[in-house]
Every structure is written in structure tokens, then in C-alpha cells.
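Peer 1: when you get a sec, could you give me coordinates for this:
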Amino acid sequence: MIRISKAPNASSLMATARSFGNYNLAGALADVIDNSIAARSKNIYIDCDYLNSGDCSISIRDDGIGMDRNELIDSMCPACKHPDDQRAPEDLGRFGWGMKSASFSQCRVLTVVSRKNGITHAARWNLDDIDDWEMDFFDGEEARSMMNAHVDSVSGTELIWTNCDRLTECGEVTHDQFAELVVLAMDSLSQVFHRYLNGDEGRESRIRIVVNGNELKGLDPFCQNHAATIPYQEEPIDVRSGDHIHRVVMQAFVLPHYSKLTQIEHDTFGGKEGYIRNQGFYVYRNRRLIISGTWFGLAKHGELSKLVRIRVDIPNALDDTWKITLDKSDAQLPSALKRRMKALISTFRTQSQSVIRTRGVNTNHGQHVQVWSRLVRQGIIRYSINKEHPLFTALGTNLNDEQAKALRSLVTMIESQLPVQKISSENTADKEKILNGFVSREELVSFLSMSLPGLMAESGSPESLLDLLKDTEPFASNMKVVEEELSSMKICV
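Peer 2: All right, here's what the predicted structure looks like:
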């Protein structure tokens, strides 16, 4: 038997590396920021420039410990680390591919300039000129001239992406598209690194990330600084990996009902996809968010559990157990944790349901005008829609005779088809599953806008309007939202 060595074709392998992981601009930047954090950087500056030629240039520079000549050459090498190598607990890398795969997912030319102890070196991979694994290398003044003039520390590293041909699926990108990509990336980075941006748990590892001159503020998905957020005690769980025991820590939070949030807070914590999509587990590896808003198949996303978010902290020693992907965008739940995590879901979904229900229609407040009326005649109980409700009367003022007749017919049909027996049965057997009196913030604002002209006409003044709404459901249970909307309309403050 003989052994034959066959190195992979440089151009083919590096072109293939462009498809490693599932990177977008935000994910690629996040992977590079991981390296800056591992290099003990305190300040990270990202500049995204749209050039007149239609090309884009992106640079990421930090004030970390930097790299000397040999360290820079090693870092430019694909797979420069073995995934099973023992690493420092704070290390955010794993495969030794991150800087290269993230960069080439967006660009064709990667330049890395690094300064350590005042000495600067630079190296460059160009996918169009990479035969025989030869990279461009620069020393002395030539290397120093390549580093951004704003970097004045004795150490630090700057990555420069040029010929950015993979920012969008079609390759070409307009100025407006580029600006939108940058904004989306800023939003994503604000959440992924929020524990580093805000600082947490008394750590001194707070960092600054500045994108095009704008310093990012950490977006905490658990809304921990809000007085109405319900935090629960941490749940430590020991997990075996090989011969070692490592600790996973979980902590649940139940977010405030929307009536306790401003519109900005509601939109921020709901995100673009809303509260239902963003409920579930948020997995952090060394305080860096890698997975958000999933139940790992242990439960379904639903209206009643939409306020539950559970933080899961795992150490990098469990990367293999969790099967962390190259781009750090996905992981698999270890079977050893499934039972405990499922129990947590059951406990805190119930708490979320309680928060939602207690902010629904309050039928115990007799002074409030209710949507439904309860009538008792000759011992027979009947529920009907309250025709004196201000929303009903306000709608009626805008209808002609034919429309008003159609509305009355529709209401009569709804009343006659009220599933009393089914409600009674479920109220006995599945009381905890019934969502009673819930109305979303969007629906509430829509009700208010639709009925406002009629309510104003009925009340006669902004002051009387506010009093009327305070006595009328569903507004009475959600007055913070109502007052905020009225204030934005400059009706009353």
C-alpha cells in the first residue's frame, strides 16, 4: 500500500466555501464580529459604502489584540482550527472557517489588515486569482496604508470586503436596496449581540458596535427593563458530554401585555413577524444569540403562549452536542434536555395565558359598558349584543336605512348562533384553554379609528370622549393604548 497526497484545488474549494452556511449580510457581519470579541475588542466599527460604480465596499475594524505575521497567515488559512480543539470558554469560533466563509458569502476579494504591538501586516485573498493557494501579503508602509486612517490604536484588525457580488440573490444591488440591507443588518446585530452591547450580569465585557457612524443599542428580546415583565428563577441543568459535565442555564420571561407597552415598545419587541412568531426558546452560546423564537418541535406557536420567551445559555464546550452549524444560525436540541424543556414550556405557557386573560374584557366591572348584555326572562338566560354600546351606535350613525337594516339582521343571526352548549362544555372541561375577551393592539386601534367620528359626535368634547372610553369595553381595559393613540391624533393628551 502507498499513501498519495492530493490537495484540493484552491479555486474550486474557495468557490465552494461561498456556499458554506446560510449567510445574509447580518449573519456574515456577526461571524466577523465574533472574531473581534474573541480578540478582546471594545470598539467595532463597520462602514458600508455604496460606490458610484454600483459596487459596494464594507469594512469591519476593531481595537482588539491584533495579529502578528504568522497569526495573520494562519487565520487566512481555511479550516485553521479543528472543531474538536479545546478552546477558551469565551471563544466564539469553532471551525476555523468563519472569517473566510462569512466574507466570501458576500464578496470576492477579502483583505485583512492587522496591527499588533505597533507593527502592521496585511493579507488578501482574491477568488479570481487564487491558484496554488497563493495569497497577496503586505508589510511595512504598504500594509499600514491599507488600514483605515481612523484606527489609531497600537493593535487591531480590519477586514475589507470588495467586489461584493453576493449581497442579494441576483448579485446586482441598487443604492436603496443596499441601504435597506444595512438597516436590516443593524437591527439583527442589535439583538444578536444585545448582551455585549448592554452589558449583563455584572460583566465588564460591554462592547460598542458602530455602523456608518451610528452606535447600536442592544435589543433585549426579554424586555427585562420593563416593570411589567415577569422574570423567573434560573433553571440550571447539567449535561454530560464525553467525560465532562457542563451546565446549561435556562430562564423564562413572560412579556408585558400590550396594554402596558407604548406603541414603539410593542413594535420593537414584537418584531416584523409579531409576537406569535417570536415566542419560544432563545439559545445563546457564550451570551451570543444563535437561535431565536423556536419551541424545537416541543410545542406549537399559539396566541395564548405568545408572551413566553425562554433564554437558554450553553457553553462552547457543548457545540458538538448541540450540533452548532458553521454559520451559527442553527442547532439541534439534545435529547437529554427535551423532558425538562417541555416541562418548562407547560409551566410558563400557563402564565402567559393568565397575563393575556387578565387584560381581556373585565365582566366584573359593572360600571363599564359591555359588548354583551345578559337578559333573564321567566328564568331563561339570553345573551345578546349590546345595541347601546357606543361602538354600535357610532357605526349606526354612518349607515343609511338599508345598511342599518342589514347590520341588525347580521347581529341577530350572530346572537341566534351563539354556541352556548359548546362554550358551557368547554368551560367545564377545558377552561384554561379558552381565550376570553382577548383583542390585539392592532384590532383595538382599528376599533378606535373606525368609531372615533361617531364617538366624538356622541361625547361632544375631547374630555367627555376620554370619560366615555374609560367606561366602555374593550377600551376601558386598555386605556394606556387608547390614551397614546388619542395623543398621537392630537385629540386629547
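Peer 1: residue 297: neighbour count?
Peer 2: 8 (other Cβ atoms under 10 Å). In this view, the C-beta of every residue, glycine as well, is placed from N, C-alpha and C.
Peer 1: the one 10 residues further on now?
Peer 2: Here the neighbour count serves as a burial measure; for residue 307 (other Cβ under 10 Å) it reads 26.
Peer 1: OK, contacts around it?
Peer 2: With contact taken as Cβ atoms under 8 Å, 6 or more residues apart in numbering, residue 307 is in contact with 254-257, 275, 279, 352, 355-356.
Peer 1: let me know the pLDDT of it.
Peer 2: Residue 307 carries a pLDDT value of 88.
Peer 1: repeat for the one 3 residues further on
Peer 2: At residue 310 the predicted local distance difference test score is 92.
Peer 1: got phi/psi on it?
Peer 2: Backbone torsions of residue 310, given as degrees, to the nearest 10, read phi -120, psi 120.
Peer 1: quickly run through the sheet partners of the host helix or strand of residue 44, with directions.
Peer 2: In the assignment (DSSP states H and E), residue 44 maps to strand 43-50. Paired with strand 43-50 in the same sheet, following DSSP bridges, are strand 56-62 (antiparallel), strand 208-211 (parallel).
Peer 1: now for the chain, the helix or strand with the poorest mean pLDDT.
Peer 2: helix 420-429 (a mean of 62; mean pLDDT, DSSP states H and E).
Peer 1: give me the buried positions along the helix or strand that that helix is followed by.
Peer 2: Using DSSP H and E, the next helix or strand after helix 420-429 towards the C-terminus is helix 441-459. For helix 441-459, a neighbour-count test (16 or more other Cβ atoms under 10 Å) marks 441, 444-445, 448, 451-452, 454-456, 459 as buried.
Peer 1: and the helix or strand following helix 441-459, what does it pack against?
Peer 2: Going down the chain from helix 441-459, the next helix or strand is helix 462-470, by DSSP H and E. Where contact means 3 or more Cβ pairs under 8 Å, 6 or more residues apart in numbering; DSSP states H and E, helix 462-470 is packed against helix 441-459, helix 479-488.
Peer 1: quick one on the thing from earlier: can you tell which of the strands paired with strand 43-50 is closest to residue 227?
Peer 2: strand 208-211 (27.5 Å; Cβ to Cβ).
Peer 1: ok, and what's touching that closest one?
Peer 2: In contact with strand 208-211 (Cβ under 8 Å, 6+ apart) are residues 33, 42-48, 182, 185-186, 189, 193, 197, 215-216.
Peer 1: by contact count, what packs against the helix or strand where residue 197 lies?
Peer 2: Remark: residue 197 resides in helix 194-198, with elements defined by DSSP H and E. With contacts taken as 3+ Cβ pairs under 8 Å, 6+ apart, helix 194-198 sits against strand 288-294.
Peer 1: note down every partner strand of the strand it packs on and its orientation.
Peer 2: strand 280-285 (antiparallel).
Peer 1: put the alpha carbons of the strand it pairs with into PDB.
Peer 2: The C-alpha trace of strand 280-285 is given here as PDB (Å, rounded to 0.1, in the frame of the first residue of the first chain):
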ATOM      1  CA  GLY A 280     -40.200  30.300  22.500                       C
ATOM      2  CA  PHE A 281     -36.600  29.500  23.300                       C
ATOM      3  CA  TYR A 282     -33.700  31.800  22.600                       C
ATOM      4  CA  VAL A 283     -30.400  30.000  22.600                       C
ATOM      5  CA  TYR A 284     -27.200  31.800  23.500                       C
ATOM      6  CA  ARG A 285     -23.700  30.400  23.000                       C
END
